[in-house]
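# fold the following.
(chains A and B)
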Amino acid sequence: MSKNSSYWSANLRVVAFCLAIWFIVSYLFGIILVEPLNNIQIGGYKLGFWFAQQGSIYVFVALIFFYARYMGKLDKEHNVHEDDE
Amino acid sequence: MSLQAMTYLVVGLTFALYIGIAVWARASTTKDFYVAGGGVHPIANGMATAADWMSAASFISMAGLIAFMGYGGSVFLMGWTGGYVLLAMLLAPYLRKFGKFTVPEFIGDRYYSKGARIVAVLCLIIASVTYVIGQMKGIGVAFSRFLEVPYDIGLLIGMAIVFIYAVMGGMKGITYTQIAQYCVLILAYTIPAIFISISLTGNPIPQLGLGSTMSGSEVFLLDRLDQVLRDLGFLEYTTNVRLSLTNMFMYTLSLMIGTAGLPHVIIRFFTVPKVKDARSSAGWALVFIAILYTTAPSVAAMARLNLINTIEPAPGEYMVYEQRPDWVKNWEATGLLAFEDKNGDGMIQYSADAATNEMVKVDRDIMVLANPEIAGLPNWVIALVAAGGLAAALSTAAGLLLAISSAISHDLLKGVFKPEITEQQELLASRVAMAGAIVLAGYLGFNPPDFAAGTVALAFGLAASSIFPALMMGIFYKRMNKEGAIAGMLVGIGVTLFYVFQHKGIMFIASTSYLGDMSENWFLGIEPNAFGAVGAMFNFAAALIVSRLTAPPPEHIQHLVEDIRVPHGSRAAIDH
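Sure, this is the predicted structure:
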């Protein structure tokens, strides 16, 4: 059981890390800090507006694939992965 | 070929494809019917999930809403995509490991309670039925606009198509049809967007076109849009906040939690072979969704600009009503676009001031549908948009109908009332339940209740305030027990319904609203549609308090939770 509990706490850590980024790009950059960030211009986009309508979505996609890869490795390290056929 | 003939041809070909797939992918076991045999590749499942998730609302309505809300429309973009992050990390892999067929089944087993399972079935049915009404309406509208058949006939054709592939194939037929439907809808969405982006900015990628300068000018497209809206007296496009930032925060959070808690999306992750696949499949689903969701803001801004350019080609120079373009006449005929020459000068002035504004009605839904006509694109593109709108509505309707029918045949019949039925009997029951669900949805499509428009908020509110917290605590909090979970679900739903009803009226009958739909009375200025997240917080709080005051769950439940937390041994689980 102790083997699985270290696996579980490693999982919780990476979930917390990913959700922190999830929060930052959408709620923080896209909503809470949108006004100051809009003073920065990237091409034709105001930065806050870009995070709200484009950037946050790209980061969400990247986060899920990062998590899936990370967990794939973690499963193997803790020997809790599914049997391959 | 005329537009009408072209549309019949394109829509007819796509329907023939869906039926062909249905014949090929028949379901022969309950496992086929509920989870497509559990053998769908994660990328294929991601594509099917994307079609399942993106409804007529995403395809037809969302860009139109953003076009008129500007920055405020970001709540839909972030809210309907960010939920997949929650799904991938907090629910999908564990529910896949649990390895059963339905969401109420997990709640019933985890909380060792038939009562909890029945509460979950009720939430699921209310959320899914309210959602399916909108899809049926979308099917009827798309048929009547593009094929010029009456709304009722269009709806019947749509029901017949869904009936064939959903009743025959169950989840297996639905999954493979949804893959085809995704391809149709994404082509239909992106092709016009690419053409319009090229014509306005010269950049073929709409996501980049939105950040580019206008063709033949040094002015950025978004700056131009802000400028013309300011001149007309509207708020700037890029900084137009919806009510308040607090409201936008809560609205986004409600949509995200609601997305992660909607059963028809969750059950899609039961169809992949492994836990590992459930994680990556959520990522693929979001990739396929993001292709449309990152294009939508470009479509929105460009459609708004094109519309204004049609009415007012240059500052002070207005559209002469008698010389209006054909697409304007077509949409006027549907009643979704209307003008009134108030000052009698024969020209149309568009303004934020209601007293002088002469474009008196622009239905938000026409922005996507009229887009190819506004941009003067060839007939086959317009025909493709019709097929795309139908694909979006059909795929979501089928997914919802499966969630409803499996809750009835698997959770209520097999799980509670008649556990002794054989697999063949259950398979028959699930087909009958599916047929019944289609007839019910069709009936509601013919006679949409007055409250239909307000109910999407209810679907998300229920999913966010009841289903999501119960699932999440079931996985992440071993100490959560039956009493806590049931109390949490009831309090979550209760608070959300109370708030929605007190502002929108009991069962959405406005006269029974005792606080009125007035923003002064809103709690912290949060609109009723955005209240699901608050309901979810009440759910978590009530569940934690009650579970602390009552006995911990039995030993075997704690083992169950430990077991679903590790992927090892998942293959065995699904054959139980």
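# residue A:54 touches residue B:207, doesn't it?
Yes. With contact defined as CB atoms under 8 Å, residue A:54 counts as touching residue B:207 (6.4 Å). From N, CA and C alone the C-beta is placed, and that goes for glycine too.
# joint contacts of those two?
Listed contacts common to residue A:54 and residue B:207 are residue B:294; contacts here mean CB atoms under 8 Å, 6 or more residues apart in numbering or on different chains.
# tell me which of those two has more neighbours.
Per other CB atoms under 10 Å in any protein chain shown, whichever of residue A:54 and residue B:207 has more neighbours is residue A:54, with 24 against 19.
# and residue B:1, which of the three is it?
The local conformation at residue B:1, judged by DSSP: H, G, I helix; E, B strand; the rest coil, is coil.
# what do you get for residue B:235?
Applying three-state DSSP: residue B:235 is coil.
# dump the residue contacts of it.
By CB under 8 Å, 6+ apart, the residues touching residue B:235 are B:70, B:229.
# hmm, 10 Å instead?
Residues near residue B:235 by CB atoms under 10 Å, 6 or more residues apart in numbering or on different chains: B:69-72, B:226, B:229, B:241, B:352.
# next, give phi and psi for it.
With angles defined as degrees, to the nearest 10, residue B:235 sits at phi -70, psi 150.
# and the pLDDT at it?
Listed pLDDT for residue B:235 reads 94.
# what's the local residue count around the residue in the stretch 151-300 of chain B that chain A sits nearest to?
Of the residues in the stretch 151-300 of chain B, the one nearest chain A is residue B:220, at a distance of 3.2 Å by CB to the nearest CB. For residue B:220, the neighbour count with other CB under 10 Å is 21.
# got a list of what the closest residue to it other than its chain neighbours touches?
Residue nearest to residue B:220 in three dimensions, not counting chain neighbours: residue A:44, with 3.2 Å by CB to CB, 6 or more residues apart in numbering or on different chains. If you count contacts by CB under 10 Å, 6+ apart, residue A:44 has them with A:50, B:201, B:208-214, B:219-225, B:238.
# residue A:25 touches residue A:56, doesn't it?
Yes. When contacts are counted by CB atoms under 10 Å, residue A:25 is listed as touching residue A:56 (4.5 Å).
# of the two, who's got more company?
Neighbour totals were compared for residue A:25 and residue A:56, and residue A:56 leads with 26 against 21 (other CB under 10 Å).
# hmm, the helix or strand hosting that one touching chain B?
Per DSSP states H and E, residue A:56 falls inside helix A:56-77. Yes. Helix A:56-77 reaches chain B (CB under 10 Å from any CB of the partner chain) through A:56-72, A:74-75.
# could you flag which of the contacts of residue A:44 are buried?
Buried members of the contacts of residue A:44, scored by 16 or more other CB atoms under 10 Å in any protein chain shown, are A:50, B:201, B:208-214, B:220-225, B:238.
# and those residues, which two are the farthest apart?
Greatest spatial distance among the buried ones among the contacts of residue A:44 (CB to CB): A:50 and B:214, at 18.2 Å.
# show me where the stretch 251-400 of chain B has helices.
Counting by DSSP state H, counting those that start in this stretch, the stretch 251-400 of chain B has these helices, from start to end: B:263-266, B:275-311, B:326-334, B:366-374, B:379-406.
# same list (those helices) but as JSON lines, adding distance to chain A, mean neighbour count and mean pLDDT.
JSON lines is the format used below for the helices of the stretch 251-400 of chain B (distance: least, CB to the nearest CB, whole Å; neighbours: other CB atoms under 10 Å in any protein chain shown; pLDDT from 0 to 100):
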{"stretch": "helix B:263-266", "distance to chain A": "14", "mean neighbour count": "26", "mean pLDDT": "93"}
{"stretch": "helix B:275-311", "distance to chain A": "4", "mean neighbour count": "24", "mean pLDDT": "95"}
{"stretch": "helix B:326-334", "distance to chain A": "26", "mean neighbour count": "15", "mean pLDDT": "84"}
{"stretch": "helix B:366-374", "distance to chain A": "16", "mean neighbour count": "24", "mean pLDDT": "84"}
{"stretch": "helix B:379-406", "distance to chain A": "19", "mean neighbour count": "27", "mean pLDDT": "91"}
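# between those, which gets nearest to residue B:133?
helix B:379-406 (9.8 Å).
# show the contacting residues for residue B:3.
Counting by CB under 10 Å, 6+ apart, residue B:3 makes contact with B:146, B:330, B:373, B:378-380, B:382-383, B:386.
# 7 Å instead, please
Going by CB atoms under 7 Å, 6 or more residues apart in numbering or on different chains, residue B:3 touches B:379, B:382-383.
# do the same with residue B:25
B:169, B:172-173, B:176.
# before we move on, what about residue B:42?
Contacts of residue B:42 by CB under 7 Å, 6+ apart are B:272, B:277, B:280-281, B:284.
# kindly recompute the last result at 8 Å.
Contacts of residue B:42 by CB under 8 Å, 6+ apart are B:272, B:277-278, B:280-281, B:284.
# cool, and residue B:464?
Listed by CB under 8 Å, 6+ apart, the contact set of residue B:464 reads B:254, B:257-258, B:261, B:496, B:532-533, B:535-536.
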